[in-house]
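Asker: Fold the following, please.
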Amino acid sequence: MYTILVVDDSSFVVDVFVTMLERGGYRTVAAYGGEECLNILKTLTPDLILLDVMMEPMDGWVTLEHIKEKPETKDIPVLVLTAKQLTTIEAQEYGIYIEDYVLKPTTPRELYDTIEHVLNRRQTLKLEAEAAKKAGFDSAIINEYVRLAKTIEVNRRLMKILERAYNLNDSKVSVTEEISHAIKTLETNLQFQETRFQQIKSELAGTVPPVAP
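Answerer: Below you'll find the predicted structure:
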């Protein structure tokens, strides 16, 4: 049974997600804010953290930075909960640190599917990394492969969220030059990541099964 740490400064929201997750067969731990989350992580290593963005006094992004800067917690997968429009700055700064976004409101099935996808992806990549290591591949290449497989998938979702948030597919809607430039930068980075991922996958061909990022 997976243990999930639910973090939100609203006790109502925490209770809703705890109930939802427990009905789905997960073990839960509740944290009513960023500071409590960090204190809990001193003695507990959950399988996944469900972290709300809009919290006070320590918001979700600051909490995320603290989680990822500590060696003992940096590898815990984090799903970010958000009900507000995602900014391009947030996408650029924090996309690398998270496993996925969960947009509120969400249904139990959507939440379960996202969690299982994240945990299954991590397990698959772990097995592939172990196989490549046994075959004698350099650890730096293996680590880059694992990182890109996750990052590309997250960035594709981020782009879809930004497209919806700023109505990029609607020619009648104009966005500021700053937002347009930031989104083009994200697109360029994603293209570079995909190219690099394919290069590494070719190097590992025959050892690492294909992963669709």
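Asker: give me every residue that touches the residue minimising distance to the centre of the chain.
Answerer: Nearest to the mean C-alpha position of the chain, by Cα atoms, centre = their mean, lies E99 at 1.8 Å. Contacts for E99 (Cβ atoms under 8 Å, 6 or more residues apart in numbering) come out as L48, P77, V78, L79, V118, R122, K150, V154. For every residue, glycine as well, the C-beta is placed using N, CA and C.
Asker: What residues sit buried inside the helix or strand of the chain with the lowest mean pLDDT?
Answerer: Confidence across the helices and strands of the chain bottoms out at helix 88-94, with a mean of 78, counting by mean pLDDT, DSSP states H and E. Residues of helix 88-94 classed as buried by neighbour count (16 or more other Cβ atoms under 10 Å): T88, E90, A91, Q92, Y94.
Asker: quick one: contacts for D100?
Answerer: So D100 contacts L79, V80, T114, H117, V118, V154, R157 (Cβ under 8 Å, 6+ apart).
Asker: follow-up on the earlier one: return the members of the contacts of E99 classed as buried.
Answerer: Using 16+ other Cβ under 10 Å, the buried ones in these are L48, P77, V78, L79, V118, R122, K150, V154.
Asker: Touching, the fifth one and L48? I think so.
Answerer: Yes: with the criterion set as Cβ atoms under 8 Å, V118 and L48 qualify as a contacting pair; they are 6.7 Å apart.
Asker: what do these two both touch?
Answerer: Joint contacts of V118 and L48 (Cβ under 8 Å, 6+ apart) are P77, L79, E99.
Asker: Out of the contacts of E99, name the ones that lie in helices.
Answerer: Using DSSP state H, the subset of those located in helices is V118, R122, K150, V154.
Asker: what pLDDT does the third one get?
Answerer: With respect to pLDDT, K150 scores 87.
Asker: residues touching it, list them.
Answerer: E99, R121, R122, L125, P213.
Asker: hang on, the earlier thing: in the helix or strand that the least confident helix or strand of the chain is followed by, which residues are buried?
Answerer: Per DSSP states H and E, the first helix or strand lying C-terminal to helix 88-94 is strand 100-103. Buried positions in strand 100-103, judged by neighbour count with 16+ other Cβ under 10 Å: D100, Y101, V102.
Asker: got it, and stretch 194-201?
Answerer: Buried, per 16+ other Cβ under 10 Å, within stretch 194-201: F197, I200, K201.
Asker: what do you get for stretch 60-77?
Answerer: Neighbour count says stretch 60-77 has G60, W61, T63, L64, I67, K68, T73, I76, P77 buried, by 16+ other Cβ under 10 Å.
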